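1. any chance you could fold what I've pasted below:
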Amino acid sequence: MLRQRILTAIVLLLIVAGAVTASTPWPMLALLTLMAGCALWEWLRLVWPHPLARGCAAVVFVCALGVASRLLVDGHAGLDLLFLRVILPLALLFWVFAAPFMVVRAQVPARCPAPGLALAGGVTLAATWYALAWIFLRHGAAALISLWALIWCADIAAYFTGRALGRHKLAPRVSPGKTWEGAAGGVLAATLWLLATAAWWPGSYGALLAPRTGWAALVLIGLVLAAWSILGDLFESLLKRRAGVKDSSQLLPGHGGVYDRIDAVLPVAPAAIFLLLIG
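-> Numbering: from 1, shown residues only. Reported below is the predicted structural model:
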């Protein structure tokens, strides 16, 4: 299992490296589109009991993002208006209100039907796709990779801190393995990463924010983004427990599904783009 996990990680890193260093933005846009489409299909597997419907929905979603990629590259004002005025705010509202409510209660309310959860997945993943694609096209690979790395720092540090120091359960009814100590370690590591990259990595996400916000506000932003990444992880855990599965799929050998790998990105990406826009 460990060997399989390492091999899959190497392949994924090579694919990302190839997309980042390509001479056109299309490989990265294709990768983001495929990532979002696979994650949506997995989200639907957790909430929607109709295999044909969720497969068709995922295909339509990928086709729509393909068209949106062309419009985004061309700087189509209508597309930006749709995402900035409608889809991104809806996604943020979901992560600010609906998702925390469900995680705290450790259940999806009975009055929230499968189609509603499916729609929430489409909105949040569309917002994630747009935010990551927009950051890449407008600010370059350094901004995108450093933002991803912030989430990786939070995840890795939370895991090791939790194993070493974890005593108090964070959300035992949702994800029994997570602890408050691990969460604190993840938040601290991600915040330090944001501050460090702001200081020494020109073009990174932190470096873009620092002149707009100042260092004190940058610390607060790091704390909030890292905490929100944990929320994304907990919400997926809630959906998996509700569906009675361990992984969202087996698309990535040794890692589970694509959604398993990007669950923490979903709340962070929409917030990240808004911070750049309002700064």
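
2. low-scoring stretches of the protein, by residue?
-> Applying pLDDT under 70 to the chain picks out residues 1-2, 110, 279.

3. helices of that one, start to end?
-> Along the chain, counting by DSSP state H, helices occupy 2-21, 26-47, 51-73, 77-82, 88-93, 99-105, 114-139, 141-165, 180-200, 205-213, 215-243, 258-262, 265-278.

4. now distance to Leu251 and mean neighbour count too, for those helices, in TSV please.
-> Yep, even glycine has a C-beta here, placed from its N, CA and C like the rest. Formatted as TSV, those follow (distance: least, CB to CB, whole Å; neighbours: other CB atoms under 10 Å):
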stretch	distance to Leu251	mean neighbour count
helix 2-21	10	12
helix 26-47	6	22
helix 51-73	12	16
helix 77-82	28	12
helix 88-93	23	18
helix 99-105	23	17
helix 114-139	15	21
helix 141-165	19	20
helix 180-200	25	21
helix 205-213	27	20
helix 215-243	15	20
helix 258-262	6	24
helix 265-278	16	22
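
5. need those helices in TSV with distance to Gln250, can you?
-> Listed next are the helices of the chain as TSV, based on distance: least, CB to CB, whole Å:
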stretch	distance to Gln250
helix 2-21	11
helix 26-47	10
helix 51-73	16
helix 77-82	34
helix 88-93	27
helix 99-105	25
helix 114-139	19
helix 141-165	20
helix 180-200	26
helix 205-213	32
helix 215-243	13
helix 258-262	10
helix 265-278	20
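
6. figure out which of the ones you listed is closest to Leu252.
-> Closest to Leu252 of those, according to CB to CB: helix 2-21, at 5.4 Å.

7. so which elements touch that closest one?
-> Counting contacts by 3 or more CB pairs under 8 Å, 6 or more residues apart in numbering; DSSP states H and E, helix 2-21 is packed against helix 26-47, helix 141-165.

8. could I get those as a markdown table with distance to Ala114?
-> Output for these, formatted as a markdown table (distance: least, CB to CB, whole Å):
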| stretch | distance to Ala114 |
| --- | --- |
| helix 26-47 | 5 |
| helix 141-165 | 28 |
